[in-house]
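Participant: What shape does this take:
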Amino acid sequence: MNLKFPLVKRGPLVAVIRLSGAIGTGARMQLNDEALTPVIEKAFKRGKPAAVALVINSPGGSPVQSSLIAARIRRLAEEKSIPVHAFVEDVAASGGYWLASSADDIWVDPSSIVGSIGVISAGFGAPVLLARQGVERRVHTSGKSKSMLDPFLPEKEEDVARLKKLLSEMHETFIDQVKTRRGDKLAKGQDLFTGEFWLGGRAVELGLVDGIGHMVPKLKELYGDKVRLARYGRRRGLFQRFGMELVQDGVAAIEERAAYARYGL
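Facilitator: Down below sits the predicted model:
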């Protein structure tokens, strides 16, 4: 006897990539291109997704890593003709917004923090402390700029000027990224590149994002009620899963906490 079973049509698949944490190099950082490459590649290739959704909660970090991650997402999206949607949770600021700008559209909560399109360099100087302790700093170089911004030597005006020039060039790269990706959506007559940040509703008015919307209802609106979600993210190591972090992980956690604190989070 021949039994025929009706084919059940499955809903479209959307791959969901979580991008949460500070952006930087090294294994202890949550977001960097080396760690995310297999995650992003798998999300775009496995199961022939109809779209990719980025869930972003990042205060930013390394401009280079932000650029590398965003460029990888765009490259795969264009190669495979897959639309990309970004959904911001608490914050997509600085490098976090750079990641969001790699999407075709950006959706936020009314209380999400968005923006901070700028570049920052921060550090400490301790020459007075060393002098008080009777410690003499000895530095020998074969180039006059090799000891630039040494935190244990007095700050030099020419070093600061050189650093500001580098930061300005990085800032221009960031601005070009936003203008290229957001285009005519950006509000006219507004200086959006001062490093200021805004809540979701105001970010919509400024054209930095496309609207208020949460991931699941928005994806159902775009792809139907039967849309299927496949979630991808960086796996934590064995020690991290059991809370047994090394000292360097503890330092990274403090740095990340400080980055979120800049936005009142």
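Participant: going forward, measure contacts between C-alpha atoms and count neighbours the same way
Facilitator: Noted.
Participant: burial measure for Lys188, as a count.
Facilitator: Neighbour count of Lys188, defined by other Cα atoms under 10 Å: 10.
Participant: try Gly11
Facilitator: For Gly11, using other Cα under 10 Å, the count is 14.
Participant: and what of Phe193?
Facilitator: With other Cα under 10 Å as criterion, Phe193 counts 17.
Participant: And for Met215?
Facilitator: When neighbours are defined as other Cα under 10 Å, Met215 has 20 of them.
Participant: Would you state the predicted confidence (pLDDT) at it?
Facilitator: Met215 carries a pLDDT value of 98.
Participant: What of Ala230?
Facilitator: pLDDT for Ala230: 96.
Participant: Distance of it relative to Ser112?
Facilitator: As judged by Cα to Cα, to the nearest Å, Ala230 and Ser112 stand 24 Å apart.
Participant: Which neighbouring elements make contact with the lengthiest helix in the chain?
Facilitator: Ranked by number of residues, the top helix in the chain under DSSP state H is helix 157-182. Applying 3 or more Cα pairs under 8 Å, 6 or more residues apart in numbering; DSSP states H and E, one finds that helix 157-182 contacts helix 95-100.
Participant: Pairing partners for the next helix or strand after the longest helix of the chain, with directions?
Facilitator: Per DSSP states H and E, the first helix or strand lying C-terminal to helix 157-182 is strand 197-199. Strand pairing for strand 197-199, using DSSP bridges, gives strand 113-115 (antiparallel).
Participant: how many other residues sit next to Leu99?
Facilitator: Other residues lying near Leu99 total 26 when counted by other Cα under 10 Å.
Participant: how about the nearest residue to it, chain neighbours excluded?
Facilitator: Ala70 (5.2 Å; Cα to Cα, 6 or more residues apart in numbering).
Participant: Let me see the contact set for that neighbour.
Facilitator: Counting by Cα atoms under 8 Å, 6 or more residues apart in numbering, Ala70 makes contact with 98-99, 101-102.
Participant: how near is it to Glu157?
Facilitator: For Ala70, the distance to Glu157 - Cα to Cα - is 35 Å.
Participant: Just give me the neighbour total for Glu221.
Facilitator: Neighbour count for Glu221, taken as other Cα under 10 Å: 11.
Participant: What strand or helix carries it?
Facilitator: helix 215-223.
Participant: contacts for that helix?
Facilitator: 12, 87, 226-227.
Participant: For the protein, spot the helix or strand the model is least confident about on average.
Facilitator: In the chain, the helix or strand scored least confidently by mean pLDDT, DSSP states H and E is helix 238-241, which has a mean of 44.
Participant: In three-state terms, label Ile82 for me.
Facilitator: coil (DSSP: H, G, I helix; E, B strand; the rest coil).
Participant: need the helices for this protein, in chain order.
Facilitator: Using DSSP H, helices in the chain cover 33-45, 63-80, 95-100, 127-132, 157-182, 200-206, 215-223, 238-241, 247-261.
Participant: between those helices, which one is nearest to Thr25?
Facilitator: Among those, helix 63-80 comes nearest to Thr25, with 7.2 Å by Cα to Cα.
Participant: Could you tell me which residues within that closest one count as buried?
Facilitator: For helix 63-80, the neighbour count (16 or more other Cα atoms under 10 Å) marks 63-74, 76-77 as buried.
Participant: now swap in stretch 46-56 and tell me
Facilitator: In stretch 46-56, counting by 16+ other Cα under 10 Å, buried: 49-56.
Participant: Where does the prediction get shaky in the stretch 1-150 of the chain?
Facilitator: 1-8, 26-29, 119-150 (pLDDT under 70).
Participant: Could you rerun that using 80?
Facilitator: 1-9, 26-30, 118-150 (pLDDT under 80).
Participant: circling back: and which of the buried residues of stretch 46-56 is nearest to Arg162?
Facilitator: Taking Cα to Cα as the measure, Ile56 is the one of the buried residues of stretch 46-56 closest to Arg162, at 33.2 Å.
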